[in-house]
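Undergrad: give me coordinates for this.
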Amino acid sequence: MFDQARTLDLAQRSNEVYVQPFSVTAAIGQKSDESVPDSTTKLQFVTEEDKITAAAAQRPGSKQKCFFCGNNAHARRFCPAKDASCHNCSKKGHFSKVCKSNTTSTGTSASCTPILATVTAASPQCLKKAVINVRVNERPCKALIDTGSSESFIDRQFAKLMSVNINDATGSVSMASSALSSPIVGICKVNLNIDGHFYRNMQLSVLNKLCCDIILGQDFMKRHDSIKISFGGSRPAVENNDSNTVCGLAASSVDPPELFATLTSECRPIATKSRKYSAVDREFIEKETTRLLTEGIIEPSMSPWRAQVLVTSNERHKKRLVIDYSQTINRFTELDAYPFPNINQMVSDIAKYKVYSTLDLRSAYHQIPLREHEKKYTAFEANGSLYQFRRVPFGVTNGVACFQRVIDRLVAENKLEAVFVYIDNITIGGMDQTEHDENLRRFLDVADKHQLTFNEDKCVYSVESVDLLGYTISQGVLRPDPDRMKPLRELPVPHSPKSVKRAMGMFSYYSQWIPRFSDKIKPLANATSFPLDSIAVKAFDDLKSDLENASISAIDEAIPFETDASDSAVAGSLNQGGRPVAFFSRTLNAHELGHSSVEKEACAIIDAVRKWRHLLSGKHFTLVTDQEAVSYMFDSKKHGKVKNDKIIRWRTELSCYSYDIKYRPGQDNASADCFSRAYCSSISSDSLSELHSALCHPGINRLLHFVRSKNLPFSVDDVKRTIKQCEICAKVKPQYAKPNASPLVKATQPFERLSIDFKGPLPSVSTKKYILTVVDEYSRFPFAFPCSDMTSATVIQCLRQLFALFGMPAYIHSDRGQSFMSAELKTFLQSHGVATSRTTPYSPQSNGQCERYNGIIWKAVTLALESLGLKETQWESVLPDALHSVRSLLCTSINCTPHERFFNFTRRSSSGQSIPSWLANPGPILMKKHVRATKYDPLVEEVDLLEANPTYAHVRLPDGRETTVSVRHLAPRGQSISNDNLDHSVLNDHTTMDISETDVENTTQEATNNTDNTMETSPVIRRSTREVKKPSRFGFDD
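TA: This is a model prediction of the structure:
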């Protein structure tokens, strides 16, 4: 606007044919709506019209004038002011020179002076639409919005009036005409208030005799996304949104790619059904299609294909036009398998350089032209018209792969160095500034040659640190992008299973930045109760800290790496000059935990090679392991015979690589060895008191049984002492006298007879205030269901769950509660073929087993709550742990655990599988002799035990040979033990405990005794004195 005013003023000074009654502003108003190619043509056109009009006005005998334009009379349809707007009253249909409004325009005087070349007390009337009210240092004034001004200015006289402190400054300001300039007399800082927006200490340059108090230039405007000014015209607004427009974007000169070369044989034209849009969306679609037509990106179409458009909004609520090709051409397009650059490999290559530039292609797809015969596939409907793309559109299946192929080919054909392309992001590197500038110049020359256009707002040149694809690259060091890591750093402590899974997913994505990731994530992976315990919270904080401080170097050619395996995890570290640059670790699967140590070490090598295949292929590397056997088996220079099929397959997999393998003892292989050391069982590392608390405070017999079954290093005295000193046990489990047990009707198999009972109401933080307890009478295996009420419907719902898992029982016994006596429950059980019985009134001992387990379960819950420091109302959170404890610990009445009795196998726990104590440590043992010369030869021979697991053992024979045998063929070596050394304290307890070893031990020992002591009198067999009664038969109730 300023440029027009200044240019018109200069033209007026040099052209004397302008006449007084016709102002420049009026002339501009006459043709303001005309379409002119540029301002020069517009100026010339206005000048010619003024000449003709002025000559007609001065001719004698002129006819009557037109009331709308002031020229000679003519038909209204030929009047040049028919569509013009008056600059005096802003109304349509007449020029300002004939306006009869009372208001007169100060901008229509014949002597319109140059706006920035003369001194005016106030802004010209012709610029009033761009003048706004502002407050400078809390005092009102006028400011002009000038899009043609690069800086903001303040009038010197106004600054003195406002008592603004002006600092000295030198320089000049160039006007629109290079022949005009104005000196800067100083600079100052003021506080601006524009419609509630505050700008503190805004710097303004001081000029003499400005046309307005303040001019706000582009340095002010760039602080905002956009600034809107209404000029009151009738035409629609003209907008230039840089994020969505390619105004002036020319098609590149690259060869058009084959975008639809992979169409299937079933391809046929599809015209999708038209969609309905809101008025706002229709207006936006019309505006966008007009823009795309103007810029030559789309064209009218006669294609048999027709897709529909969608209007979407981003996070800033800025709308975008999207074409939905999912129902048309994408249905018949097979995926182009063109490979994209590996991000890890690319950022590692970029990190080798020191100076970087990143370029962003502007509307990248729309720069690639389409082949003529492929344009029809891109047709779409917009506001009742059919268009098709002339350039590659967004949304087609192979658009990304096609674009990547074009740019990769461009780089390869021109042999550009240090240029890395990932779709529309291009990175140029250099070892120093000179090399970088040369590489950048060559690329820009190629880009200019092929007419590629860049988004300069997103381009960065000659920097030493760059953010790329989630990484920050600086001087050869890779770090996670700080902005991308912000959600992790601010992630709160998980409070539910869902939040734990979310946190673990985010940590797993960055696992390569965390040493010993498998170990550190385990406390979170094992978390089952909330809020998390201190160990899990500490692991969570440590993982966040590791990510924040992570640093990994770029990977060079020399790539040695170390591997190691432990009982539960495998790990590896990739090194460069003694510094680890990448880490790998994972926990072993359930089927891998039983593998031998050799197989675990070999598995660590194979997994590490698979993980870093892109770094190792085509290069010579060095493997370091602390397992000498593996170093021999995987040595490519030695062809030893291996009988293990798994090792043979792994060795074949490594045969395509060039490597050396070295053996390094475990104490020297600290890096990988540390990574693979998974936490051993948490039980073995805890003290006995912590174990006692973790198992919900069992008694002497059950705790001793657990300790011995898991081969833990605690004695009977340790167990007794720990339980005796436990204050929680003394408080919660006082030693009451035990009454004689009442005889029960015996069950003959699991889930044959069930006892049920309710416990409650209980204090609770939720609506569930009752526990429905169900006990299997054969195995004493308990079930507990938190319930909100004691209705028969609740009982039926819980029993349905049990029936779905284990089938129908034969019998259910209960007390005389209303829910158990109801006809609804009785009908339900009879329909499933289940017999029922009830206790007699005031005889709870008739249902004593379930009543007893009510107390056992609640006592375990109370102990767990005391151990965790939780309130009694939070019993529901520890109920699963209490049930696990009751099911896993010894039940003295059946001399085994309820789980073993119910399922006929040992319950798995965090301690792993148990082995006899005499197999725990190396030493002399007995092994069965399978070949004997005569039947009088010894049954066993003494061998040295080297190592053992629950199934196999590695032994050394008397002749020095080593072999692997089954533990079924091994027996403990006898030794003399005096009766004085025996500890009878456990036997003096009222309850019995089975502390014998495996059946193999008993069988072997018995066979040895029968052979060596054939003449010894056999001991009297102890018979049970229990009276066996016939089972009572119960009939169905009528």
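Undergrad: can you pull the buried residues of stretch 777-794?
TA: Of the residues in stretch 777-794, those with enough neighbours to count as buried (16 or more other Cβ atoms under 10 Å) are 777-787, 790, 792, 794. C-beta here means a position set from N, CA and C on the backbone, and glycine is covered the same way.
Undergrad: hmm, I was thinking of stretch 440-456
TA: So for stretch 440-456, counting by 16+ other Cβ under 10 Å, buried means 440, 442, 443, 446, 447, 452, 453, 454, 455.
Undergrad: need these in a markdown table with secondary structure, pLDDT and distance to residue 524, can you?
TA: As requested, the buried residues of stretch 440-456 are exported to a markdown table (DSSP: H, G, I helix; E, B strand; the rest coil; pLDDT from 0 to 100; distance: Cβ to Cβ, whole Å):
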| residue | secondary structure | pLDDT | distance to residue 524 |
| --- | --- | --- | --- |
| 440 | helix | 89 | 46 |
| 442 | helix | 89 | 50 |
| 443 | helix | 89 | 46 |
| 446 | helix | 86 | 50 |
| 447 | helix | 85 | 48 |
| 452 | coil | 83 | 48 |
| 453 | coil | 82 | 48 |
| 454 | strand | 83 | 45 |
| 455 | coil | 81 | 42 |
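Undergrad: among those residues, which two are most distant?
TA: 442 and 455 (20.6 Å; Cβ to Cβ).
Undergrad: follow-up on the earlier one: any chance of CSV for the buried residues of stretch 440-456, columns distance to residue 73?
TA: Listed next are those as CSV, based on distance: Cβ to Cβ, whole Å:
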residue, distance to residue 73
440, 68
442, 69
443, 67
446, 65
447, 61
452, 59
453, 54
454, 58
455, 56
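Undergrad: for the top strand by length along the chain, what is the average pLDDT?
TA: The single longest strand within the chain, with elements called by DSSP state E, is strand 197-207. Model confidence over strand 197-207, given as mean pLDDT, is 83.
Undergrad: again with stretch 263-277
TA: Predicted confidence along stretch 263-277 averages 88 (mean pLDDT).
Undergrad: and the next helix or strand past the helix or strand where residue 564 lies?
TA: Remark: residue 564 resides in strand 559-565, with elements defined by DSSP states H and E. Counting by DSSP H and E, the next helix or strand C-terminal to strand 559-565 is strand 569-576.
Undergrad: in its sheet, what does that next one sit against?
TA: Partners of strand 569-576 in the sheet, by DSSP bridges, are strand 559-565 (antiparallel), strand 579-587 (antiparallel).
Undergrad: just the CA trace of that strand, in CSV.
TA: Output for strand 569-576, consisting of C-alpha atoms alone and laid out as CSV, is shown next (Å, rounded to 0.1, in the frame of the first residue of the first chain):
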residue,chain,number,x,y,z
ALA,A,569,19.6,-63.2,30.2
VAL,A,570,21.9,-62.8,27.3
ALA,A,571,23.8,-59.5,26.5
GLY,A,572,26.3,-57.9,24.2
SER,A,573,28.2,-54.6,23.9
LEU,A,574,29.5,-53.1,20.7
ASN,A,575,32.8,-51.3,21.2
GLN,A,576,34.9,-48.7,19.5
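Undergrad: find the nearest non-adjacent residue to residue 165, please.
TA: The spatial neighbour of residue 165 that comes closest, neighbours along the chain excluded (Cβ to Cβ, 6 or more residues apart in numbering), is residue 188 at 6.2 Å.
Undergrad: average pLDDT across the host helix or strand of the one you found?
TA: When elements are defined using DSSP H and E, residue 188 is found to belong to strand 186-194. Averaged across strand 186-194, pLDDT comes to 87.
Undergrad: repeat for stretch 298-310
TA: Taken as a whole, stretch 298-310 carries a mean pLDDT of 90.
Undergrad: bridged to residue 141, which residues?
TA: Counting by DSSP bridges, residue 141 forms beta bridges with residue 134.
Undergrad: on that earlier part again, what sits up against the strand holding residue 188?
TA: Counting by Cβ atoms under 8 Å, 6 or more residues apart in numbering, the neighbours of strand 186-194 from elsewhere in the structure are 132, 134-138, 143, 154, 156, 159, 162, 164-169, 198-206.
Undergrad: and that strand, what's buried?
TA: Residues of strand 186-194 classed as buried: 186, 187, 188, 190, 192, 193 (neighbour count, 16+ other Cβ under 10 Å).
Undergrad: before we move on, what about stretch 802-809?
TA: Buried positions in stretch 802-809, judged by neighbour count with 16+ other Cβ under 10 Å: 802, 809.
Undergrad: now it: how far from the chain's centre is it?
TA: If you compare the mean C-alpha spot of stretch 802-809 with that of the full chain, they lie 41 Å apart, counting by Cα atoms, centre = their mean, to the nearest Å.
Undergrad: what sits against residue 321?
TA: With contact taken as Cβ under 8 Å, 6+ apart, residue 321 is in contact with 284, 285, 288, 289, 309, 310, 311.
Undergrad: in helices, which of those appear?
TA: Helix and strand membership here follows DSSP state H; of the contacts of residue 321, those in helices are 284, 285, 288, 289.
Undergrad: close enough to count as contact, the second one and residue 383?
TA: If I follow you right, that is residue 285. Yes - with contact defined as Cβ atoms under 8 Å, residue 285 counts as touching residue 383 (5.5 Å).
Undergrad: now do the buried residues in stretch 330-341.
TA: 332, 333, 336, 341.
Undergrad: any chance of TSV for the residues you listed, columns distance to residue 947, pLDDT and secondary structure?
TA: Formatted as TSV, the entries for these read as follows, by distance: Cβ to Cβ, whole Å; pLDDT from 0 to 100; DSSP: H, G, I helix; E, B strand; the rest coil:
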residue	distance to residue 947	pLDDT	secondary structure
332	63	87	helix
333	60	85	strand
336	55	83	coil
341	48	80	coil
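Undergrad: looking at these, which is nearest residue 898?
TA: With Cβ to Cβ as the yardstick, the closest approach to residue 898 among those comes from residue 341, at 58.6 Å.
Undergrad: burial of residue 353, as a residue count?
TA: 24 (other Cβ atoms under 10 Å).
Undergrad: kindly provide the distance from the closest residue to it other than its chain neighbours to residue 938.
TA: Take residue 353 and drop its neighbours on the chain: the residue closest to it by Cβ to Cβ, 6+ apart is residue 429, 3.2 Å away. Applying Cβ to Cβ, to the nearest Å, the value for residue 429 to residue 938 is 78 Å.
Undergrad: which of these two has more residues huddled nearby?
TA: Under the neighbour definition other Cβ under 10 Å, residue 429 and residue 938 were set side by side, and residue 429 has more, 24 against 12.
Undergrad: now do the SS call for the more buried one.
TA: Counting by DSSP: H, G, I helix; E, B strand; the rest coil, the backbone at residue 429 sits in strand.
Undergrad: now do the contacts for it.
TA: Contact analysis of residue 429 by Cβ under 8 Å, 6+ apart lists 350, 352, 353, 354, 355, 356, 357, 418, 420, 436, 439.
Undergrad: I'd say residue 812 and residue 756 touch.
TA: Yes - checked against Cβ under 8 Å, the pair residue 812 and residue 756 is within contact range at 6.3 Å.
Undergrad: in terms of neighbours, single out the busier of those two.
TA: Just comparing residue 812 and residue 756: by other Cβ under 10 Å the higher neighbour count belongs to residue 756, 25 against 21.
Undergrad: can you classify that one as helix, strand or coil?
TA: Per three-state DSSP, the local secondary structure of residue 756 is strand.
Undergrad: now it: how far from residue 401?
TA: Taking Cβ to Cβ, one finds residue 756 at 64 Å from residue 401.
Undergrad: check residue 907 too.
TA: 54 Å.
Undergrad: neighbour count winner among these two?
TA: Just comparing residue 907 and residue 401: by other Cβ under 10 Å the higher neighbour count belongs to residue 401, 19 against 14.
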